[in-house]
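Enquirer: Structure for this input, please:
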Amino acid sequence: QFSYPILTGDSYGNQFSRELVVGHEPFSPAAEAIRSIRTSIVSLGIAQGIRSFAVTAPRHGTGGTFFAGNIALAFAQMAVPTLLVDANLRDPRIAEMFGLSRNAEGLSHALRSRNIDDVAIATDIIPGLSILTAGIIPPNPQELLSSAEFLALANNLEKSFGVVIYDTAPAM
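Expert: Model (predicted):
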């Protein structure tokens, strides 16, 4: 009945973390709760022109990355071109969650090199979902994320995707 990608069977194997309940268990109560939140975001944010969202957990281990990965996958399942950005430059986990190399070029490299026009985005990891990993952990994450380059990059990304979701470091 549904044509959106799920993460079972031979098509995706065991590449993706079991934390991605929207893909691995699409009819579970957890997946349904995430889709319900997605619906609220669409009606309250996207309908008003807001297409970028930051996910921030109160502290480490409370599910911020879990939510960011799942809500990004839920938007992709809705056929919205979605970019998930790992902006947690202290303890990034998005690459691991989606079976990508943690040491590949990513957000930190683009910001350090000040080259925001040539960003290493892994496109269509799952149909409709692209990922910008954090890259190598920099010594100055706060300065990079507060820079003019980050703002310019964020503007560029929003022009290229329907929804951009940033997984950030915990608030505390």
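Enquirer: what sits up against stretch 102-121?
Expert: For stretch 102-121, contacts defined as CB atoms under 8 Å, 6 or more residues apart in numbering pick out 83, 85-87, 89, 92, 95-96, 130-138, 141, 144-145, 147, 149-150, 152-153, 156-157. No exception for glycine: its C-beta is placed from N, CA and C like everyone else's.
Enquirer: what does stretch 158-172 give?
Expert: By CB under 8 Å, 6+ apart, stretch 158-172 touches 46, 51-60, 62, 64-65, 68-69, 71-72, 75, 80-94, 130, 141, 154, 157.
Enquirer: Check the secondary structure at the nearest residue to G63 once chain neighbours are set aside for me.
Expert: The spatially closest residue to G63, leaving aside those adjacent along the chain, is A57, at 6.2 Å (CB to CB, 6 or more residues apart in numbering). Assigned by DSSP: H, G, I helix; E, B strand; the rest coil, the conformation of A57 is coil.
Enquirer: residues near A57, how many?
Expert: Residues lying near A57 (other CB atoms under 10 Å) number 20.
Enquirer: do P127 as well
Expert: So P127, with other CB under 10 Å, has 12 neighbours.
Enquirer: Likewise for S28?
Expert: 12.
Enquirer: now do the one 10 residues further on
Expert: Here the number of neighbours of R38 (other CB under 10 Å) works out to 22.
Enquirer: Just give the nearest non-adjacent residue to it, would you?
Expert: Here the residue nearest R38, using CB to CB, 6+ apart, is A74, at 4.5 Å.
Enquirer: if I look at the one you found, how far off is A30?
Expert: From A74 over to A30 the distance is 11 Å, taken as CB to CB, to the nearest Å.
Enquirer: re earlier: I'd like the list of the contacts of stretch 158-172 that fall within helices, please.
Expert: Those of the contacts of stretch 158-172 mapping onto helices are 64-65, 68-69, 71-72, 75, 94, 141, 154, 157, per DSSP state H.
Enquirer: can I get those in a markdown table with pLDDT and neighbour count?
Expert: Output for the ones in helices among the contacts of stretch 158-172, formatted as a markdown table (pLDDT from 0 to 100; neighbours: other CB atoms under 10 Å):
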| residue | pLDDT | neighbour count |
| --- | --- | --- |
| G64 | 91 | 22 |
| T65 | 95 | 25 |
| A68 | 96 | 27 |
| G69 | 95 | 29 |
| I71 | 95 | 23 |
| A72 | 95 | 33 |
| F75 | 92 | 28 |
| I94 | 95 | 26 |
| P141 | 92 | 20 |
| A154 | 93 | 17 |
| L157 | 93 | 20 |
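Enquirer: Select the longest helix from the protein.
Expert: Longest helix in the chain, counting by DSSP H: helix 29-44.
Enquirer: Just the buried positions in that one, please.
Expert: By 16 or more other CB atoms under 10 Å, the buried positions in helix 29-44 come out as 31, 34-35, 38, 41.
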